[in-house]
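# Have a look at this prediction, sequence included:
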Amino acid sequence: MNLWNENICKHNNFILMCLIFFSLEMVVNKPLAHAFYGHGTLKCQFTSSHDLVYLEQVYFNKRLMVQYNSTLGKYEGYTKKAKDLADGFSKSKPFLEQAVKNREKCRTHMDLVFELQSHPVEPSVRVTPVVRQGSSHQAMLACSAYNFYPKQIRLTWLRNGEKVINYVTSTEELPDGNWLYQIHSYLEYTPSPREEITCMVEHSNKIAVGTALLFGSFVFVAGLFFYKRTTA
Ligand SMILES: *[C@@H]1O[C@H](CO)[C@@H](O)[C@H](O)[C@H]1NC(C)=O
């Protein structure tokens, strides 16, 4: 709680949180191991290339207590006490004026955000043989795409250039824990010589392919992945 010293509280943006945390601090004075945890966020949510929502949120023990939502243009509280507090803020001219000012500040970053959005983080793609037992088919390949953003992606298996639909299982797009995603697709197949199996990855109007060449039971995986822009 000592983060919320008076200097920070002089900064307009944080007045709301300081009010709440200082009043909590007076009530809650427990040792650190049993500390209560409060945090506040100011968010610019860019909803389209010309619109945004500005949010101020105050949480206590991870529960949302008070929120300003610029679409509503007022503060809302989510417990009885927080409701009273929020109603007070919503009647306060300086609070509302500051919120409108902050929203305008968000707006000044709009161009930058949409510029950044047009530069996706491209996946790194890998095709690897999977060693397993007890399958009706004799072999399995995994195609993995790592560290991509945004989440939308499509993995397709091709066998000698033909799309394969059967014997394919895929995971969802899994969060990597760093705002990026990974996904895995598995193909069961019966090995036959001189076949070419390809995993095609489509992400943000680009295509990457990884190819496995089968020589009987021997799998050679080409480590070469290249991207080309689709014409779509
Ligand atoms: C903000 O308010 C708008 C309008 O009611 C609503 O659609 C939107 O979900 C709200 N945002 C949040 C984060 O509550």
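On my side now, so go ahead. Residues are numbered from 1 along each chain as shown.

# Now the helix ranked longest in the chain: buried residues?
Secondary structure of the chain per DSSP state H: the longest helix is helix 93-108. Buried residues in helix 93-108, defined by neighbour count with 16 or more other Cβ atoms under 10 Å: 95-96, 98-99, 102-103, 106. Backbone N, C-alpha and C define where each C-beta goes, glycine included.

# Repeat that for stretch 184-194.
Applying 16+ other Cβ under 10 Å to stretch 184-194 flags 184-189 as buried.

# With stretch 197-213 instead?
So, applying 16+ other Cβ under 10 Å, buried residues of stretch 197-213: 197-204, 207-212.

# Just the terminal-to-terminal distance for it.
Terminal residues of stretch 197-213 are spaced 6 Å apart (Cα to Cα, to the nearest Å).

# now swap in stretch 47-63 and tell me
24 Å.

# Just send the buried residues of stretch 184-194 back as a markdown table, with distance to the ligand and pLDDT too.
Formatted as a markdown table, those follow (distance: Cβ to the nearest ligand atom, whole Å; pLDDT from 0 to 100):
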| residue | distance to the ligand | pLDDT |
| --- | --- | --- |
| His184 | 32 | 96 |
| Ser185 | 34 | 96 |
| Tyr186 | 37 | 94 |
| Leu187 | 41 | 93 |
| Glu188 | 43 | 89 |
| Tyr189 | 46 | 85 |
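
# What ranges does this protein have for its helices?
Using DSSP H, helices in the chain cover 6-10, 15-27, 80-90, 93-108, 110-117.

# can you list contacts of stretch 71-80?
Residues from elsewhere that reach stretch 71-80 (Cβ atoms under 8 Å, 6 or more residues apart in numbering): 53, 56, 63-69, 83-87, 89-90, 95-96.

# how about 6 Å then?
Residues outside stretch 71-80 that contact it (Cβ atoms under 6 Å, 6 or more residues apart in numbering) are 53, 64-68, 83, 85-86, 89-90.
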